[in-house]
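S.K.: Output the structure for:
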Amino acid sequence: MHTNYVLYNIVPFGFLVLLVYIFIDVFLDYFRKEIKRNQRRVTLYSFLFYLLCLLQIKVGGITLLPLNPADKSRRFITANDWFGIFDSIHFNMYLWSYSAIVYNFLLLLPLGIFLCVLFHFKNINKAIFLVILCCLGTELLRLLLGSFSLVPRNIGSVDAIYLLCNILGGIIGILIVKIFTHIQMKRKDKVYNGSFN
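M.R.: Model prediction:
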């Protein structure tokens, strides 16, 4: 029997939880001895929102009713929601196209940047290991939720290529931060040496 199901966009619900967390975090500043810097705080909030969006894109949404494996159609709460464009790009993209490879490469690029900016890894291998762990964890989560029929499962041989593109994107993000940090340190050294010569 052919049945339709509804995929719920997790970003708006997660965003509400994030807003509550932001309110509590700002409120707790009145009781802390040391107040958090606003730049780090905004970076952390942006990172959490990015993780929400990444989860929505990779998983595709959550359904509360069991999925019919024969049902290939996808129905969202609203077709015109503000985040629906990412879902349509992710699910309707031709699997072997260059755009799909570039899309999966760019998807995890911010992860490497955020990890380096937030956690200041001195050892680049730790950052790369964390990116690989995040990519594998996302795919395992998708498999786990799919086995319980909470998300649509469309796992194939192409997913291995996309996983490699995701990992490569995260590593390039790390390298971008490292290069910019190196350039900034050189400029500071030039300014410092120039002022005392």
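
S.K.: C-alpha from now on. contacts and neighbour counts both.
M.R.: Noted.

S.K.: quick one: buried residues of stretch 129-140?
M.R.: Buried residues in stretch 129-140, defined by neighbour count with 16 or more other CA atoms under 10 Å: 130, 131, 132, 134, 135, 136, 138, 139.

S.K.: Name the residues that touch that stretch?
M.R.: 55, 58, 111, 112, 163, 166, 167, 170, 171 (CA atoms under 8 Å, 6 or more residues apart in numbering).

S.K.: Could you export the buried residues of stretch 129-140 as CSV, including secondary structure and pLDDT?
M.R.: Formatted as CSV, the buried residues of stretch 129-140 follow (DSSP: H, G, I helix; E, B strand; the rest coil; pLDDT from 0 to 100):
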residue, secondary structure, pLDDT
130, helix, 94
131, helix, 94
132, helix, 94
134, helix, 92
135, helix, 91
136, helix, 91
138, helix, 87
139, helix, 85
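
S.K.: What's the local residue count around the nearest residue to residue 145 once chain neighbours are set aside?
M.R.: In space, and not counting its chain neighbours, residue 145 is closest to residue 151: 5.8 Å by CA to CA, 6 or more residues apart in numbering. Residues lying near residue 151 (other CA atoms under 10 Å) number 23.

S.K.: swap in residue 99?
M.R.: By other CA under 10 Å, 12 other residues sit near residue 99.

S.K.: coming back round to it: kindly supply the PyMOL command isolating those of the contacts of stretch 129-140 that are buried.
M.R.: Entered in PyMOL, the line below selects the buried ones among the contacts of stretch 129-140, by 16+ other CA under 10 Å:
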select buried, resi 55+58+111+112+163+166+167+170+171
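
S.K.: and which of the contacts of stretch 129-140 is nearest to residue 38?
M.R.: Checking the contacts of stretch 129-140 against residue 38 by CA to CA gives residue 111 as the nearest, at 20.3 Å.

S.K.: Residue 173 is in contact with the closest one, correct?
M.R.: Yes: using CA atoms under 8 Å, residue 111 is in contact with residue 173, at 7.0 Å.

S.K.: for residue 62, phi and psi?
M.R.: Torsion angles at residue 62 (phi, psi; degrees, to the nearest 10) stand at phi -110, psi 140.

S.K.: Now do the buried residues in stretch 44-59.
M.R.: For stretch 44-59, the neighbour count (16+ other CA under 10 Å) marks 44, 47-59 as buried.

S.K.: Show me those residues that map onto strands.
M.R.: Members of those lying in strands (criterion: DSSP state E): none.

S.K.: Columns pLDDT and distance to residue 16 on top of those, output as a markdown table?
M.R.: Below are these laid out as a markdown table (pLDDT from 0 to 100; distance: CA to CA, whole Å):
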| residue | pLDDT | distance to residue 16 |
| --- | --- | --- |
| 44 | 91 | 16 |
| 47 | 94 | 15 |
| 48 | 92 | 12 |
| 49 | 93 | 11 |
| 50 | 93 | 14 |
| 51 | 91 | 14 |
| 52 | 89 | 11 |
| 53 | 87 | 13 |
| 54 | 88 | 16 |
| 55 | 85 | 16 |
| 56 | 83 | 15 |
| 57 | 81 | 18 |
| 58 | 81 | 20 |
| 59 | 78 | 19 |
